[in-house]
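>>> Provide a 3D model corresponding to the input given below.
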Amino acid sequence: MSTTASTISDRSARYRPLSIGLHWLMLLLLIAVYATIELRGIFPKGSDARELMKTWHFMLGLSVLALALLRLLVNVTRSAPKITPEPARWQELSAKLMHLALYALMIGMPLAGWLILSAAGKPIPFFGLHLPALIAESKSLAGSIKEIHEAVGTAGYFLIGLHAAAALYHHYVVRDNTLLRMMPKGR
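Residues are numbered from 1 along each chain as shown. The predicted structure is shown next:
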């Protein structure tokens, strides 16, 4: 096979570098978002360290929102590389539902956090900026949204874990190129 044909084939078998980079950067951000909110619990309530963890949780969460919107734009403007061998129809549907759920998580959770801070009457920090409140102050509404935010956050652990498990299942059991499509090109 010629170098040009190999390059074209390799490009069509993988996502483009921007999509791959955004995917793995999103994973790192999600790990940091979850880590900051979990680590805040080791510090006493009202302490500077606990407040710092919460601030980083908010800022990183809003970063997830920004990147998720960018990823969505990239995904709707570019087609995904084909999975070979082609998966069963039910697997394609499951993958679409999983991706829909992950986008709902990556967009909905930061928006919910922004709504919580807005309703609580707190500033919305974003790396030196203070974003505007989305809704009027309402402590009871803040509490209700926070309960939903926490429940969905817990479900997020399972969604992310299931997504990773499915990729590993496809790679090691089915032996298709599902995972390889999202891996950076090796040398």
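
>>> pLDDT below threshold where in this protein?
Scanning the chain with the threshold set as pLDDT under 70 gives 1-12, 186-187.

>>> closest to the centroid, which residue in it?
residue 106 (4.5 Å; Cα atoms, centre = their mean).

>>> spatially nearest residue to that one (excluding sequence neighbours)?
Once flanking residues are discounted, residue 106 sits nearest to residue 68: 3.7 Å by Cβ to Cβ, 6 or more residues apart in numbering. C-betas here are computed from N, CA, C, even on glycine.

>>> related to what we said a few turns ago, which SSE is the residue nearest to the centre of the chain in?
Residue 106 belongs to helix 89-120 when assigned by DSSP states H and E.

>>> re earlier: ok, the residue nearest to residue 106 touching residue 108?
No: taking contacts as Cβ atoms under 8 Å, residue 68 lies outside contact range of residue 108: 9.5 Å.

>>> in the helix or strand containing residue 154, which residues are buried?
According to DSSP H and E, residue 154 maps onto helix 139-169. Using 16 or more other Cβ atoms under 10 Å as the burial criterion, the residues of helix 139-169 that qualify are 141, 142, 145, 146, 149, 153, 156, 159, 160, 163, 166, 167.

>>> kind regards, and thank you for your time.
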